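A.B. asks: model the following, please.
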Amino acid sequence: MMNDHQPAKAHRPTPVDLIILCGFLGSGKTTLLVDFLGQQAGMHDTAVIVNEAGAVGIDGALVTEGGGDVPMTLLANGCVCCSLRSSLIHTVSRLLDAPRPPTAPALARIVIETSGLSRPGPIIASLTDPELARRGLRVSVVSTFDAVLGGLRLHQFEEAAAQLAAAQRIVLTKLDLIEPDALATLMAQATLVNPMARVLGHADRQAQVREAFSHEANETTDRTAVMALMQRAAPLASAHPRLHVMQGTVAPGTCWDELSIWLDNLAGLCGERLLRVKALVHVTDCEDPILIQSVGTTFSIPRRMTQRRGAPDVIVVITRDITPKKLSEDMPGACVRLDPLIAAPTPDLPSVGLPLFHKRSSHAFL
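C.D. replies: Numbering: from 1, shown residues only. This next block holds a predicted model:
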């Protein structure tokens, strides 16, 4: 397996970031991308894939105009997470293999601007194709949150919930159209949907744009910071009744097989209602804690965290339309008990990239 990766590492010592940019139509994701491409930092080392649900690529035209000579491919036949799966694989491979101009820096990132209907989970699953698995891409999700209309709309609520729960970075847009006093409430709403995401609501637009596409702007995983965010958010906004952020407690004496069965059962019971899992867990048959992540039901390869042997266990689960109580009733005697996250603090979670284990992908998911 190491031999398969050596040629790519020789050419690209730093992994290429693949950023899935999500958000509803009109939520400001194209403007966010155009602003980034207009900055010096984003111009010469970025490739863009624009997905259009319609036959006319209006957003693609906007990005082309704003992005100058940034390589761009327009996928114009449907949703990137379903009918265009093979085309997406071909497009990403072509961008990675394309020769760079003599004066241009190495390709640093590929941005996929999805349609407003796309869910990140199936897109990430499609990237586990063997053609891309050897590339070692560093995958992350950025979702826009419309400050005027709100991030969770009644219409197509399921897609919005999936986008926000999957995000490492949630970017509040149209801040110039709201009263300054409303910003804290909007950031609290986003935090209550996904307390692990970095919520970006800077008054400095240029700083916000840079951070939205920065590899350094990872999820908030420090226990103190996460719980401080949750405690500040709770008085300012109400948690959405259809979304449930919960923490898990592992029963003493649990082995890896028991935990993996529980994860399988969790995914099977929830299906598309499972939005996110992130966990650091000790089991009896491994001296190191194991780090587990998922977006939807696409899980990462479990990874032994050798430097965190003394870390406490933590499991964070985000679901839609299924409560901790319901999951406990459907999985009696399970090795993990689920409770609402806001009811108690959670330990630290490491912020590291992991390969996806579906189809043995080697992409790093942050």
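
A.B. asks: who does the closest residue to Ala212 other than its chain neighbours bridge with?
C.D. replies: Closest residue to Ala212 apart from its sequence neighbours, by Cβ to Cβ, 6 or more residues apart in numbering: Val171 at 4.8 Å. The C-beta positions use only the backbone N, C-alpha and C, and glycine is treated the same way. For Val171, the beta-bridge partners under DSSP bridges are Thr144, Leu200.

A.B. asks: just checking, Ala279 touches Pro289?
C.D. replies: No: Ala279 lies out of contact with Pro289 (Cβ atoms under 8 Å); the separation is 9.3 Å.

A.B. asks: show me the common contact partners of the two, please.
C.D. replies: Shared contacts of Ala279 and Pro289 (Cβ atoms under 8 Å, 6 or more residues apart in numbering): Asp313.

A.B. asks: show me where pLDDT drops low in the stretch 151-300 of the chain?
C.D. replies: 154, 216-232, 235-236 (pLDDT under 70).

A.B. asks: how about the helices in it?
C.D. replies: Using DSSP state H, counting those that start in this stretch, the helices found in the stretch 151-300 of the chain span residues 157-166, 183-193, 205-212, 223-236, 256-270.

A.B. asks: name the residues of the third one that are buried.
C.D. replies: Translated: helix 205-212. Within helix 205-212, the residues that count as buried by 16 or more other Cβ atoms under 10 Å are Gln208, Val209, Arg210, Glu211, Ala212.

A.B. asks: may I see the residues you listed organised as a markdown table, with distance to Leu88 added?
C.D. replies: Output for these, formatted as a markdown table (distance: Cβ to Cβ, whole Å):
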| residue | distance to Leu88 |
| --- | --- |
| Gln208 | 28 |
| Val209 | 25 |
| Arg210 | 26 |
| Glu211 | 26 |
| Ala212 | 22 |
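
A.B. asks: wait, which of the residues you listed is closest to Asp35?
C.D. replies: Of all the buried residues of helix 205-212, Asp35 sits closest to Val209, with 4.7 Å by Cβ to Cβ.

A.B. asks: do I have it right that the closest one meets Val34?
C.D. replies: No: Val209 lies out of contact with Val34 (Cβ under 8 Å); the separation is 9.5 Å.

A.B. asks: tell me if I am right that Val34 is in a helix.
C.D. replies: Yes: checked against DSSP: H, G, I helix; E, B strand; the rest coil, Val34 lies within a helix.

A.B. asks: tell me the pLDDT of it.
C.D. replies: Listed pLDDT for Val34 reads 85.

A.B. asks: most distant residue from the centre of this structure?
C.D. replies: Pro102 (33.4 Å; Cα atoms, centre = their mean).

A.B. asks: out of the helices of the stretch 151-300 of the chain, which one sits most buried?
C.D. replies: helix 157-166 (a mean of 24; mean count of other Cβ atoms under 10 Å).

A.B. asks: which elements pack onto that one?
C.D. replies: helix 120-126, strand 138-146, helix 183-193, strand 274-283, strand 314-320 (3 or more Cβ pairs under 8 Å, 6 or more residues apart in numbering; DSSP states H and E).

A.B. asks: neighbours around Thr306, how many?
C.D. replies: Per other Cβ atoms under 10 Å, the neighbour tally for Thr306 reads 9.

A.B. asks: which residues does it contact?
C.D. replies: Asp288.

A.B. asks: how close does it sit to Leu291?
C.D. replies: Per Cβ to Cβ, to the nearest Å, Thr306 is found 11 Å from Leu291.

A.B. asks: go on, Thr30?
C.D. replies: With Cβ to Cβ as the criterion, Thr30 and Leu291 are 34 Å apart.
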